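Undergrad: Task: produce atomic coordinates for the following.
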Amino acid sequence: MRLEISNLQKADIFVQCFQHMKTFVDSINIVFKEEQMYVQCMDHSMVLIMELSIPSLWFDVYQVEQDITIGVSSHVLSKVISIRDKSQTITWNTENLSDKLSIKFHAENSKLVFDKEFEIPLIDLETELLSIPATEYPAEFTLPCSVFANMINQLKQFGETLHIECTEEHIQMISDSPEFGKMNTHMPIDDLEEYAINEGQTVDNGFALRYLSNVCLYQKISKSLFIGVSGDFPMKLQFQMDENAQLVFYLAPKINDDEL
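TA: Coordinates of the predicted model:
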């Protein structure tokens, strides 16, 4: 397997996709297929699933002769990619390496940014990929990632749970606690980039703000965030990137405020 990212903007996005995975899991399996690179993992509490899929055409070079799955420490990978300078391209390679992943950072025509090369030990992970069925959410909306991240960080200061209510007229996001009081964010649907809800239906549920805050660490990889809300299913949060690359989170609802 060999991949290269010469586009510096894509290289930044690629780094950000992997930078924060250590927040959720200690190690990950990365699946390289002919048509895409794919990562699926579940956090330690088993309430959040993350899926990253990047089509082969997204990369400047993507060579996979046969399907391969490699396991790596998310902490080690984060440490390595944090060393990359923004002017450097990225190369990943497992060719001629039986138990290591080679990562190279290279900058063209730079006297002060030096090339760096790393070898990360591979690990065996016994994990099975979950089959996540396509779900039609009764309430769906899209808004700028930065706006949603800002609201979540504010709501987190007043409680541990996001109570969200979607109607045909508005969306309300509420957090409260005996210590800090209550915050209520009221969003008219006309202010959203996109909004759809089943006619005559009100959708409400509660989700842990600390997990949503972690999801918002990825706000820079996409301009907009798609959110699907249901009274019965996990919340879907989807970051859509160029050429159908996407990062998707599924967050299970809280049954009561004492959980999580």
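Undergrad: From now on I want contacts and neighbour counts done on CA atoms only, so please keep to that.
TA: Noted.
Undergrad: residues in contact with stretch 142-162?
TA: 173-177, 180-183, 185, 192-195, 206-210, 212-213, 216, 219-220, 222-227, 257 (CA atoms under 8 Å, 6 or more residues apart in numbering).
Undergrad: mind running it again at 7 Å?
TA: Residues outside stretch 142-162 that contact it (CA atoms under 7 Å, 6 or more residues apart in numbering): 173-177, 180-183, 192-195, 206-210, 212-213, 216, 219, 222-227, 257.
Undergrad: Return the set of buried residues in that stretch.
TA: Using 16 or more other CA atoms under 10 Å as the test for burial, stretch 142-162 gives 142-143, 145-146, 148-149, 152-153, 155-162.
Undergrad: Can you give me the end-to-end span of it?
TA: 18 Å (CA to CA, to the nearest Å).
Undergrad: Just checking the distance from that stretch to the centre of its chain.
TA: Distance of stretch 142-162 from its chain centroid, counting by CA atoms, centre = their mean, to the nearest Å, is 16 Å.
Undergrad: average pLDDT across that stretch?
TA: Mean per-residue pLDDT for stretch 142-162: 97.
Undergrad: for stretch 187-200, same thing?
TA: Here the average pLDDT along stretch 187-200 is 93.
Undergrad: Ok, stretch 82-89 next?
TA: Averaged across stretch 82-89, pLDDT comes to 96.
Undergrad: Now do the strands in the stretch 151-260 of the chain.
TA: Using DSSP state E, counting those that start in this stretch, the strands found in the stretch 151-260 of the chain span residues 161-166, 170-177, 181-188, 194-197, 203-208, 224-229, 235-240, 246-251.
Undergrad: out of those strands, which comes closest to residue 88?
TA: Of all the strands of the stretch 151-260 of the chain, it is strand 246-251 that lies closest to residue 88, at 22.8 Å by CA to CA.
Undergrad: Listing partners with orientation, what would you give for that closest one?
TA: Sheet pairing for strand 246-251, assigned by DSSP bridges, gives strand 48-55 (antiparallel), strand 235-240 (antiparallel).
Undergrad: what's near enough to touch the closest residue to residue 99 other than its chain neighbours?
TA: Once flanking residues are discounted, residue 99 sits nearest to residue 122: 5.3 Å by CA to CA, 6 or more residues apart in numbering. Contacts for residue 122 (CA under 7 Å, 6+ apart) come out as 70-72, 99-101.
Undergrad: how deep is the spatially closest residue to residue 42 that is not a sequence neighbour tucked in, by neighbour count?
TA: Counting by CA to CA, 6+ apart, residue 49 is the residue found nearest to residue 42 once chain neighbours are left out, at 4.5 Å. Residues near residue 49, counting by other CA atoms under 10 Å, number 19.
Undergrad: I appreciate the help and will end here.
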